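**Student:** next come a sequence and a model predicted from it.
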Protein chains: 2
Amino acid sequence: MGEFDLIDRYFKRPVRRNTLGVGDDCALLAPAAGMQMAVSSDMLVEGRHFLPTVDPFKLGHKALAVNLSDLAACGAKPLAFTLALSMPRADEAFLEPFSRGLLALADAHDCELVGGDTTQGPLNICITVFGEVLPGHALLRSGARPGDDIYVSGSLGDARLALEVFRGTIAVSQQVFAQARARMEQPQPRIALGQALRGVATAAIDVSDGLLGDLRHILSRSGVGATIDTTAAMLTMLTGEGIDEEQRMEFVLAGGDDYELVFCAPAARRGEVEAASHASATRVTRIGHIEAQSGLRLVDAHGRAFERDYASFDHFA
Amino acid sequence: MGEFDLIDRYFKRPVRRNTLGVGDDCALLAPAAGMQMAVSSDMLVEGRHFLPTVDPFKLGHKALAVNLSDLAACGAKPLAFTLALSMPRADEAFLEPFSRGLLALADAHDCELVGGDTTQGPLNICITVFGEVLPGHALLRSGARPGDDIYVSGSLGDARLALEVFRGTIAVSQQVFAQARARMEQPQPRIALGQALRGVATAAIDVSDGLLGDLRHILSRSGVGATIDTTAAMLTMLTGEGIDEEQRMEFVLAGGDDYELVFCAPAARRGEVEAASHASATRVTRIGHIEAQSGLRLVDAHGRAFERDYASFDHFA
């Protein structure tokens, strides 16, 4: 199967909303009048972002999910994406399920594949995603203000637990592992929540490198500090029972690969945050608050401060 | 040097035209009112698209050039790009010249780096480029009509000659090699020509896989055939003297890596094509014409038909 055959077979579909699809030198996108385009690129490398044993269907899902998560963190509405794919050979046993997983998530978010590139090389998946947002309405990292609450969507720490099971550093029941593995392999981008939070949240980011590390980007961009109720954060974890308390804390605060939103909103707007949570059918948990004093402070359920130092994930540290 | 340090040091610059630059979850682009966005992605893999010995400055240039070439083939005006970069380690001896080469070409075309991703893995460079074009004005592959002339910009075959010298299959003088190598390592995207051809050319594509192979995309999309004057095409080659005639023909017709434009325009508009060539300071050569009869026919300088069968470059053939 040649390069153009495989594009035709697995990735070419009739174009719906966007002007032109896969197959010319460029895709042409027509953003609605007056809208800004939100753009994000993420690259997934075998051995770094996924295990060689991953189900290709789930990998297709995840490759797009981590990109859509960036649109969610901006409150943007997905429009389209490009896919650049390097792989050792044109392997139908990989491409068929990979493209199904990818396009199923794309369809679920009405996000069209409009172009890309295929080449031979070590397995590498690079997706660039496009969304639209009204000027001035994008959720940024820079708007957090003292007194704001800090929330996180969904659950934290489960993906890291699954990774540690794969690594053999911990053992859990089959049932717990299945739940954690689904969180690691099939994260759900919080697109609906991100859009519902426009005009409510003052700042947002998606949690990919670990809660504290990603929250620090908000603090630094906004010129503020924060206190985090670690107990509240740890209670979000779906699969934390039965593992060591210190591990659980590390997985939740610095596990990474969560693809949840951490966001801030004024305390006076708790009702609106709750309404956004309901409207998007996405659980959110209040886990702390923004303060004028810089730095990141951790407290337990009794409000007692304590110290932990976790390295945020860094590909080159 | 960590991931965020290297982004700051080599890739973060003050934002000019686009709303937001490197550093939030998404970049925000604000296309001018009523404009369409042309989007293209290209991925470059070590050993496939460049040699491990390439000068990183030139590699930075080429990685963006091949993407800009797709915008040129659509007649789009460059706006911005994202860069996703996988590399074995954060190596300043690579990153410093790579970013310089990349950003020098970006500046030359007023195309801003607005976001991306860095990760550890085998060297892989994935760029997605954005341009703008008035609705209905993009050059497509589908508009060629019987009677149209076929043109090519610049020169063909030189990049392939350089590759063959690197491979050791041919030997040329140092001077010829230097000229060919510059064509291979530092292609010049024909952005100005592409824009000048809007409203004049009926179809266009950039030559990356080889003249005949890429021209076939125009023929198939347009439902037409063509005759190519191989002598005229071969005369574009800068470095073809002193090599075997058959090799020269293969390099020109099927060499690949040229990043020139092949385009069609009605015979009645030769004056306008010439004007576009002058306005963009880009040489163009008429190399054939479009016919109703499907298929691709080759003729020599005397109009005598002959046959050659070249495989177009295919990563998975």
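**Tutor:** Everything's here; your move.
**Student:** what comes up buried for the host helix or strand of residue A:41?
**Tutor:** Using DSSP states H and E, residue A:41 sits within strand A:36-45. By neighbour count on 16 or more other CB atoms under 10 Å in any protein chain shown, the buried set for strand A:36-45 is A:36-45. Heads up, the C-betas are built off the backbone N, CA and C, glycines and all.
**Student:** who are the packing partners of it?
**Tutor:** If you count contacts as 3 or more CB pairs under 8 Å, 6 or more residues apart in numbering or on different chains; DSSP states H and E, strand A:36-45 packs onto helix A:56-74, strand A:124-133, strand B:27-29, strand B:77-87, strand B:112-120, strand B:124-133.
**Student:** which one of the ones you listed lies closest to residue B:189?
**Tutor:** With CB to CB as the criterion, residue B:189 lies closest to strand B:77-87 of the helices and strands packed on strand A:36-45, at 8.6 Å.
**Student:** partners of that closest one in the sheet?
**Tutor:** strand B:112-120 (parallel), strand B:124-133 (antiparallel) (DSSP bridges).
**Student:** ranking the ones you listed by burial, who's on top?
**Tutor:** Ranked by mean neighbour count, these are led by strand B:124-133 with a mean of 28 (mean count of other CB atoms under 10 Å in any protein chain shown).
**Student:** how about residue A:307, what does it touch?
**Tutor:** Each residue near residue A:307 by CB atoms under 8 Å, 6 or more residues apart in numbering or on different chains is listed here: residue A:298.
**Student:** quick one: the helices in chain A, in order.
**Tutor:** For chain A, the helices defined by DSSP state H occupy A:3-6, A:56-74, A:92-108, A:158-167, A:174-185, A:191-196, A:211-222, A:230-234, A:245-254, A:270-279.
**Student:** what are the buried residues along the second one?
**Tutor:** In this case it means helix A:56-74. Using 16+ other CB under 10 Å as the test for burial, helix A:56-74 gives A:56-74.
**Student:** now swap in the third one and tell me
**Tutor:** Residues of helix A:92-108 classed as buried under the neighbour-count rule (16+ other CB under 10 Å) are A:94-95, A:97-99, A:101-103, A:105-106.
**Student:** for the helices of chain A, which one sits closest to residue A:203?
**Tutor:** Proximity to residue A:203 (CB to CB) singles out helix A:211-222 among the helices of chain A, at 4.9 Å.
**Student:** so can I have JSON lines of the strands paired with strand B:77-87 showing mean pLDDT?
**Tutor:** Output for the strands paired with strand B:77-87, formatted as JSON lines (pLDDT from 0 to 100):
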{"stretch": "strand B:112-120", "mean pLDDT": "89"}
{"stretch": "strand B:124-133", "mean pLDDT": "94"}
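**Student:** measure the most centrally placed residue in chain A to residue A:144 for me?
**Tutor:** In chain A, the centroid-proximal residue (CA atoms, centre = their mean) is residue A:259; its distance is 2.8 Å. Counting by CB to CB, to the nearest Å, the gap from residue A:259 to residue A:144 is 20 Å.
**Student:** cool, residue A:275 as well?
**Tutor:** 20 Å.
**Student:** looking at these two, which one has more neighbours?
**Tutor:** Using other CB atoms under 10 Å in any protein chain shown, the more surrounded residue of residue A:275 and residue A:144 is residue A:144, with 27 against 13.
**Student:** quick one, what contacts residue A:52?
**Tutor:** Taking CB under 8 Å, 6+ apart, we find residue A:52 in contact with residue A:46.
**Student:** then residue A:122?
**Tutor:** By CB under 8 Å, 6+ apart, the contact set of residue A:122 is A:45-46, A:86, A:88, B:45, B:121-122, B:124.
**Student:** out of those, the closest to residue B:135 would be?
**Tutor:** For those, the closest approach to residue B:135 (CB to CB) belongs to residue A:86, at 33.3 Å.
**Student:** ok, what's across the strand from the closest one?
**Tutor:** Beta-bridge pairing of residue A:86 under DSSP bridges involves residue A:119, residue A:124.
**Student:** what is the neighbour count of it?
**Tutor:** Residue A:86 sits with 26 neighbouring residues when counted by other CB under 10 Å.
**Student:** ok, it - contacts?
**Tutor:** A:118-125, B:43, B:45, B:124.
**Student:** residue A:142 reaches residue A:203, doesn't it?
**Tutor:** Yes - taking contacts as CB atoms under 8 Å, residue A:142 lies within contact range of residue A:203: 6.5 Å.
**Student:** identify the contacts common to these two.
**Tutor:** Common neighbours of residue A:142 and residue A:203, counting by CB under 8 Å, 6+ apart, are A:218, A:221-222.
**Student:** what's the end-to-end length of stretch A:222-230?
**Tutor:** Stretch A:222-230 has its terminal residues 22 Å apart, counting by CA to CA, to the nearest Å.
**Student:** distance of residue A:50 relative to residue A:163?
**Tutor:** Residue A:50 sits 10 Å away from residue A:163, going by CB to CB.
**Student:** when you check chain B, which of the shared contacts of residue A:142 and residue A:203 turn up near it?
**Tutor:** With CB under 8 Å from any CB of the partner chain as the criterion, the shared contacts of residue A:142 and residue A:203 include residue A:221 near chain B.
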